[in-house]
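[1] Mind folding the following:
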Amino acid sequence: MQRKRWMLIGFCGLMVLSALLSSVRRYQAEGRSPQGHHPPKSYFSPRQLPIQGSNPARQFSNAIADAVEKVMCSVVVVRTEKIQYRKVPVDPFGFLYDIVPEQLAGEGSGVIIDERGYVITSWHVLERADPRLIEIVMNDGTKLPASLVGFDKSTDLAVLKIESETFGCPVAEFGDSDALRVGEVVIAIGSPFSLQSSVTVGHVSQKGRRMQILPYEDFIQTDAAINQGNSGGPLIDVDGRLIGINAAIKTDAQKKGVGIAFAIPSNLAMVVAKSLIDNGVHEWPWVGAAFGKADSGMTDLQVTQVWRDTPAARSGVLPGDIVLAVNDKPVSDQYDIYRVIFSHAVGESVRFRIRRDGSTFEVRLVLEEFPGLPY
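    Presented below is the predicted three-dimensional model:
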């Protein structure tokens, strides 16, 4: 019994000795002392390493940032104050009321389009607002007074004039909204929910949308997020050019947050803005003719009516003439014609290519002011 105990003690001792020898050999192989532990050398560096090679995603990101930086100084917040009257009962039975005025603050967006301080925005941002209390907030936070120059209900556009010469911002560069293609990347800038200078990115979902929101519509549809407060702000392309004015959003009845945004094309917006600046109102142009298709099975776009003593009548246009193109742009329905006409001002001319009795010819029509609203 005593012998077995000593054998067990000896075996345990050999195991401990073997473990110590293995530890010594391991530390010696690593060049370390068994008496001290030294941490491994660290290769961590807080500095960024230079980017190697070409990264298309980085190039795209830089293009977006450059476009935003180019136009951001021209984007402003439009603040208003409105008076709303409500009935307040003054007797316990609810038969007598006092009319109590309430002062409501409103906010939208805008963009500087002229070196003299003219700002384009949405009319519904200013509607029923006190014109004496309109304020422009620049991108750097500077607050400046502004006055209403004019508005056009048919397109929901309005123009303001900054009452200061110290704003010192470059104006937005205009783009050609007619050349905009479905699928192109676009950027919306504005102040949704009072979050100034917010940027969202999306694509052109479609062009020429009509949603029965305004009397005249030729919307650019986009999936760039646009919310309350974005109205009147710019929609720009990846080169930082203004190609639309954000106008409205459409959300499903359940308010699931999946919104579709619409913008007024820049070609139309700039014609309206110039007319408002020059005249205080927008003069809608027309040629004095109506267009359509004789029946649903026809593919040709015809002149359906010509009014007397109008540009169309004086140029010899007749009902039944087939319209092939306007200003060399092919047309398939009356809205294609209106799009070209409404992108011009009164006094300018447009060229109609017409086919009659197998012969094709061109007529030049000088636009006159429409005697009423476009619709």
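
[2] what's around residue 197, how many residues?
    For residue 197, the count of nearby residues is 17 (other C-beta atoms under 10 Å). (Glycine included, C-beta is placed from N, CA and C.)

[3] Check residue 140 too.
    The number of residues packed near residue 140 is 10, by other C-beta under 10 Å.

[4] Likewise for the one 5 residues further on?
    For residue 145, the neighbour count with other C-beta under 10 Å is 14.

[5] Run through the bridge partners of it.
    Partner residues in beta bridges with residue 145: residue 135, with DSSP bridges as the criterion.

[6] Just to check, it is in contact with residue 135?
    Yes: Residue 145 sits in contact with residue 135 when judged by C-beta atoms under 8 Å, with a separation of 6.3 Å.

[7] show me where pLDDT drops low in the stretch 1-150 of the chain?
    Judged against pLDDT under 70, the low-scoring parts of the stretch 1-150 of the chain cover residues 1-49, 82-106.

[8] And for the stretch 251-375 of the chain?
    Across the stretch 251-375 of the chain, the ranges flagged by pLDDT under 70 are 251-259, 294-298, 372-375.

[9] All the helices of it, in order from the start?
    For the stretch 251-375 of the chain, the helices identified by DSSP state H, counting those that start in this stretch occupy 266-279, 311-314, 334-342, in order along the chain.

[10] residues near residue 135, how many?
    Taking other C-beta under 10 Å as the criterion, the count of residues near residue 135 is 15.

[11] got a list of what it touches?
    With contact set as C-beta atoms under 8 Å, 6 or more residues apart in numbering, residue 135 has these partners: 78-80, 143-146.

[12] tell me the two of those that are most distant?
    Every pair in those was compared (C-beta to C-beta); the two farthest apart turn out to be 80 and 144, at 13.9 Å.

[13] These two: which is more packed in?
    Each of residue 80 and residue 144 has its neighbours counted (other C-beta under 10 Å); residue 80 has more, 21 against 17.

[14] host element of the more buried one?
    In this structure, residue 80 is located in strand 75-89 according to DSSP states H and E.

[15] in stretch 119-135, what's buried?
    For stretch 119-135, a neighbour-count test (16 or more other C-beta atoms under 10 Å) marks 119-126, 129, 134 as buried.

[16] Just the closest of these to residue 229, please.
    The nearest member of the buried residues of stretch 119-135 to residue 229, counting by C-beta to C-beta, is residue 125 at 9.1 Å.

[17] Which secondary structure state does the residue lying closest to that closest one once chain neighbours are set aside sit in?
    Closest residue in space to residue 125, ignoring its immediate chain neighbours: residue 108 at 3.2 Å, by C-beta to C-beta, 6 or more residues apart in numbering. Using DSSP: H, G, I helix; E, B strand; the rest coil as the criterion, the local structure at residue 108 reads strand.

[18] ok, back up a step: residue 217 is nearest to which of the helices of the stretch 251-375 of the chain?
    helix 334-342 (9.2 Å).

[19] Can you tell me what sits against the closest one?
    Under the contact criterion C-beta under 8 Å, 6+ apart, helix 334-342 has outside partners 178, 208, 210, 216, 218, 268, 271, 284-287, 290-292, 301, 323, 326-327, 329-331, 350, 367, 374.

[20] quick one on the thing from earlier: the residue nearest to residue 125 pairs with what?
    Assessed by DSSP bridges, residue 108 has beta-bridge partners residue 78.

[21] isn't it right up against residue 229?
    Yes: Residue 108 is within contact range of residue 229, at 6.3 Å (criterion: C-beta under 8 Å).

[22] who touches both of those two?
    Applying C-beta under 8 Å, 6+ apart, one finds that residue 108 and residue 229 are jointly contacted by 190-191.

[23] which of these two has more neighbours?
    residue 108 (26 against 23).

[24] dump the residue contacts of that one.
    Residues near residue 108 by C-beta under 8 Å, 6+ apart: 77-78, 80, 121-122, 125-126, 190-191, 229-233.

[25] Likewise for residue 51?
    residue 58.

[26] Count the neighbours of residue 147 for me.
    The tally of other residues near residue 147 (other C-beta under 10 Å) stands at 11.
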